[in-house]
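Undergrad: Quick check, what structure comes out for this input:
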Amino acid sequence: MTPSARFSTPLVWSILLTSAALLHGQTPQPTQPVQSPPPAQGQPSLTVDRDPAPSPDPDPAPGSVNQTAPQSSQGVITRGSGGKYVLRQDTYEVRLNATVLDGSGRSILDLNKDAFHVYEDGVPQTIASFRHEDLPVSLGILIDSSGSMYDKRAAVNQAALDLVKLSNPDDEAFLVDFSWEAFIDQDFTSDTAKLQQGLGLIKSSGGTAVYDALVASADYLSKNAKRPKQVLLVVTDGEDNASSATLEDAIRRIQDLDGPVIYCVGLLFGPDTDKNEVRHARRVLEALSEQTGGVAYFPKNIKEVDAIAAEVAHDIRTQYTLAYRSTKSPTLGGYRQIHVDAKEKGYGKLQVRTRSGYFPKTDKTDKPDAAAGAAN
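TA: Numbers count the residues shown, from 1 in each chain. You can find the predicted model right below:
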């Protein structure tokens, strides 16, 4: 892949928006990193899902259905007509990454499965699996490359590298910078030297299209990540002023993708900052993190960024991972609200941080299980 390839229409769709390229029949084109002027009215700089309700992933072409034995987490296997086994999508497994804090904000790391209680739309759910271990993640690092970030670049780059160094050695990370448009500077890698090289490609100029970068990166992560546990880290110094997507679009798309945990670092300080813009930017970053189970950080100066990177790495590596099969069929559609409680003797009131909800993916067809049928 060409370093610093663009994420914009019609260039390099295969890098970040693979599904969109296939749907529209466009062929990826190589490009060079450029700093473009603001996009014209009605011409978004980043291809995103523009529908009020995000479109589902495309149906597979006839004959392309995967015939391997389905995992139990995908649904219920039953014997259909002719003695063949079919996978019926009337159950839906929901995975949650959860951090538990006490009243002082300290992480609680010694809970067992019985301490947790999961509710979907107020209905108790049965926890099907529970893990508390350092699971490897697929991580996207999104760095604001607008003009106002110039004097913060060195510290932010170092913090990004330190985050990866402090993470699980089996993690994979990709690097994106965004101003008017989003660029991918390094594809998935565990090599910090390659990430450092990608960071060197970032130039500071232009506006701030946070929402577009988030939507595109979440799509890319969903389609290309090797790890089921997925995270996005966003570093920015201001509010969005260049996206075609809205905050609501971004959150909806991420939830529709069963998407990543988002951590935000808002560098909202400096002598020339506008108080109203700072308040709005803070609310936006808090909303993004709270809806996805992450955290928004607001350092008072650039020197605090490196410590935040270490805190994010620790948070990711010490989370609980729970899964449950929803009691509500995914074919009913609609947003599902999630609430998780944790109670344990010896502790006071505990706070569980996880994503607020999701939109279930649906598959209306019964999939024959060739492997199961062949075995009988």
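Undergrad: which residues of the chain score low on pLDDT?
TA: For the chain, applying pLDDT under 70 flags the ranges 1-91, 362-376.
Undergrad: Show me the domain layout of this protein.
TA: 73-92+362-376, 93-133+320-360, 138-317 (automatic domain parsing).
Undergrad: looking at those, which is buried most?
TA: Greatest average neighbour count among the domains of the chain goes to domain 138-317 (a mean of 20), per mean count of other CB atoms under 10 Å. From N, CA and C alone the C-beta is placed, and that goes for glycine too.
Undergrad: List of residues touching the lengthiest helix in the chain?
TA: Secondary structure of the chain per DSSP state H: the longest helix is helix 275-292. Applying CB atoms under 8 Å, 6 or more residues apart in numbering, the contact partners of helix 275-292 are 210, 214, 234, 236, 238-240, 247, 250-251, 254-255, 259-264, 266, 268, 294-296, 298, 355-357.
Undergrad: Which of the residues you listed fall within strands?
TA: 234, 236, 261-264, 266, 296, 357 (DSSP state E).
Undergrad: Pick the one among those closest to residue 228.
TA: Nearest to residue 228, judged by CB to CB, of the ones in strands among the contacts of helix 275-292 is residue 261 at 12.1 Å.
Undergrad: can you pull the contacts of residue 259?
TA: Listed by CB under 8 Å, 6+ apart, the contact partners of residue 259 are 218, 221-222, 230, 253, 292.
Undergrad: do you know how far it is from residue 359?
TA: 10 Å (CB to CB, to the nearest Å).
Undergrad: try residue 126
TA: From residue 126 over to residue 359 (counting by CB to CB), the distance is 21 Å.
Undergrad: And the ones in strands among the contacts of helix 275-292, which two are furthest apart?
TA: 236 and 357 (24.6 Å).
Undergrad: show me where the stretch 51-200 of the chain has strands.
TA: Along the stretch 51-200 of the chain, the segments classed as strands by DSSP state E, counting those that start in this stretch run 76-79, 85-88, 93-101, 116-120, 123-125, 127-131, 138-144, 172-178, 182-189.
Undergrad: Which of these sits closest to residue 274?
TA: strand 138-144 (16.4 Å).
Undergrad: just checking, what packs against the closest one?
TA: Here strand 138-144 touches helix 153-165, strand 172-178, helix 210-224, strand 230-236, going by 3 or more CB pairs under 8 Å, 6 or more residues apart in numbering; DSSP states H and E.
Undergrad: next one: the second one to chain centre, how far?
TA: Shown here is strand 172-178, whose average C-alpha point lies 12 Å from the average C-alpha point of the whole chain (CA atoms, centre = their mean, to the nearest Å).
Undergrad: Just the CA atoms of it, as CSV, please.
TA: Output of strand 172-178 as CSV, limited to C-alpha atoms (Å, rounded to 0.1, in the frame of the first residue of the first chain):
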residue,chain,number,x,y,z
GLU,A,172,-2.0,-4.7,15.5
ALA,A,173,-2.4,-1.0,14.8
PHE,A,174,-3.0,1.2,11.8
LEU,A,175,-2.5,5.0,11.6
VAL,A,176,-4.8,7.7,10.2
ASP,A,177,-4.4,11.4,10.0
PHE,A,178,-7.2,13.7,9.1
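Undergrad: same for it, what does it pack against?
TA: strand 138-144, strand 182-189, helix 192-199, helix 210-224.
Undergrad: Partner strands of that strand and their direction?
TA: Paired strands of strand 172-178, with direction, are strand 138-144 (parallel), strand 182-189 (antiparallel) (DSSP bridges).
Undergrad: Dump those into TSV; add distance to residue 346 as well.
TA: Output for the strands paired with strand 172-178, formatted as TSV (distance: least, CB to CB, whole Å):
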stretch	distance to residue 346
strand 138-144	34
strand 182-189	42
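Undergrad: Please name the bridge partners of the residue lying closest to residue 202 once chain neighbours are set aside.
TA: Of all residues not flanking residue 202 in the chain, residue 177 sits nearest, at 4.5 Å (CB to CB, 6 or more residues apart in numbering). Beta bridges link residue 177 to residue 143, residue 183, judged by DSSP bridges.
Undergrad: May I have the secondary structure class of residue 304?
TA: Put simply, residue 304 is helix when judged by DSSP: H, G, I helix; E, B strand; the rest coil.
Undergrad: mind listing what it touches?
TA: Contacts of residue 304 by CB under 8 Å, 6+ apart: none found.
Undergrad: coming back round to it: quick one, which of the helices and strands packed on strand 172-178 is nearest to residue 339?
TA: Nearest to residue 339, of the helices and strands packed on strand 172-178 and by CB to CB, is helix 210-224 at 23.1 Å.
Undergrad: How far off centre is the closest one?
TA: Distance, centroid of helix 210-224 to centroid of chain: 7 Å (CA atoms, centre = their mean).
Undergrad: cool, and stretch 243-258?
TA: From the chain centre to the centre of stretch 243-258 is a distance of 11 Å (CA atoms, centre = their mean).
Undergrad: just stretch 305-320 next, same as before
TA: The answer for stretch 305-320 is 16 Å, by CA atoms, centre = their mean.
Undergrad: now stretch 117-131
TA: Taking CA atoms, centre = their mean, one finds stretch 117-131 lying 22 Å from the centre of the chain it belongs to.
Undergrad: quick one: which of the helices and strands packed on strand 138-144 is nearest residue 197?
TA: strand 172-178 (9.6 Å).
Undergrad: Roughly how far does residue 357 sit from residue 98?
TA: From residue 357 over to residue 98 the distance is 14 Å, taken as CB to CB.
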